[in-house]
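Participant: Fold the following.
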Amino acid sequence: MNSILSTARLLLAATILFSTSGISSFAGADDYEFQPVTAELPAGPASEFAVKLIDKRTGKPVPDAIIFEARLDMAPDGMEMMTSNVEAVPTTEPGVYKFKLNLSMAGGWRFQLAAKIQGEQETAKGEVVLKATQ
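Facilitator: Presented below is the predicted three-dimensional model:
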């Protein structure tokens, strides 16, 4: 019985120590957010669109993420099956990811992304809504 109490006290002390020592836990996928640099673009086959990947805990951009999935559709206008091409474009600004989009018609477009972030086990996923204008 004494060994169980001693073990319980030790675990409690360790928990208190780690929770007050400033050691942060690992971030989860919900700690990241994709934000549009601009949410309105001209319709056309070569519109450039940029998003920032932000760490919501610090408000800072997240550089060097690997965007491995990007999907563009017209779900905001009720046409989810209407998809379009997405092409990654190089960028030099840390935490900003650029794409060339084929916005074939004016209206609302949904851009869905998935990214792997260095040091994180979970995949960060998000979507941004943008508007294509004539």
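Participant: The host helix or strand of residue 112 pairs with which strands, parallel or anti?
Facilitator: In the assignment (DSSP states H and E), residue 112 maps to strand 107-116. Strand pairing for strand 107-116, using DSSP bridges, gives strand 66-74 (antiparallel), strand 124-133 (antiparallel).
Participant: Turn these into CSV, including mean pLDDT.
Facilitator: Listed next are the strands paired with strand 107-116 as CSV, based on pLDDT from 0 to 100:
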stretch, mean pLDDT
strand 66-74, 97
strand 124-133, 97
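Participant: Would you reformat these as JSON lines and include mean neighbour count and distance to residue 33?
Facilitator: The way it works is simple: take the backbone N, C-alpha and C, and place the C-beta from them, glycine included. Converted to JSON lines, those look like this (neighbours: other Cβ atoms under 10 Å; distance: least, Cβ to Cβ, whole Å):
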{"stretch": "strand 66-74", "mean neighbour count": "16", "distance to residue 33": "14"}
{"stretch": "strand 124-133", "mean neighbour count": "17", "distance to residue 33": "6"}
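Participant: Can you lay out those strands as JSON lines showing distance to residue 88?
Facilitator: JSON lines is the format used below for the strands paired with strand 107-116 (distance: least, Cβ to Cβ, whole Å):
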{"stretch": "strand 66-74", "distance to residue 88": "7"}
{"stretch": "strand 124-133", "distance to residue 88": "15"}
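Participant: To residue 44, which of the ones you listed lies closest?
Facilitator: Across these, residue 44 has its closest neighbour in strand 124-133 (8.1 Å, Cβ to Cβ).
Participant: Could you list the low-confidence segments of the chain?
Facilitator: 1-27 (pLDDT under 70).
Participant: the strands in it, which residues?
Facilitator: Along the chain, the segments classed as strands by DSSP state E run 32-36, 40-42, 44-55, 60-61, 66-74, 79-84, 86-89, 96-103, 107-116, 124-133.
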